[in-house]
Structure formats: C-alpha cells, structure tokens
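Participant: using only what follows, build the 3D model:
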Amino acid sequence: MNGLRRDLTTAAIAIVFLTLLLGVAYPLVTTGVAQLAFPGASNGSKVEVDGRVVGSKLIGQDFKGLPRYFQSRPSATEYSGDVTYFNNLGPNSRELSDFFGKQLGAYLKRERPFNPGLSADEVPVDATTTSASGVDPHISVANARIQAHRVAAVRSLPLSDVLDLVDEHTDGRFLALFGEPGVNVLRLNLALDQRGTE
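Facilitator: Just a heads-up that it's a prediction; the model follows:
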C-alpha cells in the first residue's frame, strides 16, 4: 500500500511539473523569444494601410468580383485562415475533376477577353488547383503575367507598367534553391492601388 501511494504521489508530481514546464513555461518562453526576434511574423505578418489591417502577407484572400485586382489561386476553405486544409480528394475523384473543370472555365472566361487565343493548355496549374493549406498568398509568375493583361486594361494602365509591378513583387526561391518564384497577390494589389488608378 505504501508503494502504491508513493507511486501515485510521484506520478502526480511528475504531471504537475511537466504541465508547468511544457504547458506554461515553454510556450511563454517561445512566445517571448518570437515577439522579440520576429514581432511581425509572430503576430501574423499583418499588412496595414493607413493604420487599418487589410490582410496578411501569409494568407491569401478573395478578390473575386473585382476585375481591377489580381486574383488569388482557388481555395478549399474560402480563404479562411482559421481552418486551413487541402481538398483531400484523390486523383480519380469525379468531384475533383468537376472542381478543376469549373475553375478552368471560370479562369478562361475571366482572362480570355484580355488574352485572345488563350487556351486551356496555357493556363498555369495554380490557376485551377488549391494549395495544401488552401490559403497560399502567392500565384505563379505565369499566372500573374496572364492576369496582367486584364488588370492593365481595366485600370487603363500600360501593360508594361503592370508587368514591371509583377516583377517587383515576385519572391524568389527559398534560399535560392527551394520552391518556385511566386507573386504575392495582396502586396501586388496594394501596389496597384498606390498608383491611384482604379
């Protein structure tokens, strides 16, 4: 009986100690270090305009119905940063095939009037597929260059100026090795707004 009591006491002390260490102290220390070392990133990489938060550099958002803006890639979560997930449909899924077809049709309908002759084969993959998180803030350079024709026409801007902005807001490969260059849609759209032509 004394051995059982000793074991229970030891277990209870271990639970309390580990809870305080790993459930309280460790999160407080890592949060404090993150706030000191990376205050912007640890607070969500928020983007502010005139003191108002308009989004995050890390979370894509919906610009549908706004032809003067570049459009983000499709999202399985409707761009909700609270519930990020992949659509989780297999390659043989009829639902996934229908989704891709719908996205492709919408893309061609939106972009073809400004890119005569644009074919389905020329549409970049990221224009019809979701990312693993569903809230990727980037689109491919090829996607942005196609959309630049629409944005330039709607905003009455020279195409060369819009393409220059695309180049300015293209992020390179991570550590110059990993991934592909991508264009941050929110930052690019804000740069367009700063030109004052809508």
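
Participant: strands of this protein, residue ranges please.
Facilitator: Here the chain has its strands, by DSSP state E, at 46-49, 52-56, 138-140, 170-171, 182-184.

Participant: mean confidence for the second one?
Facilitator: Looking back up the chat, that one is strand 52-56. For strand 52-56, the mean per-residue pLDDT is 71.

Participant: what's the domain layout of the protein?
Facilitator: 2-39, 45-194 (automatic domain parsing).

Participant: just name the most buried of these.
Facilitator: Ranked by mean neighbour count under mean count of other CB atoms under 10 Å, those are led by domain 45-194, which reaches a mean of 16. For the C-beta atoms, the positions are set from N, CA and C on the backbone; glycine is no exception.

Participant: could I get the strands of the chain in CSV, plus columns for distance to Arg155?
Facilitator: Compiled in CSV, those are given as follows (distance: least, CB to CB, whole Å):
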stretch, distance to Arg155
strand 46-49, 18
strand 52-56, 18
strand 138-140, 18
strand 170-171, 19
strand 182-184, 17
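
Participant: between the ones you listed, which one is closest to Ala120.
Facilitator: The closest of the strands of the chain to Ala120 is strand 138-140. By CB to CB, the value is 16.1 Å.

Participant: helices and strands around the closest one, which ones?
Facilitator: The elements that strand 138-140 packs onto, with contact taken as 3 or more CB pairs under 8 Å, 6 or more residues apart in numbering; DSSP states H and E, are strand 182-184.
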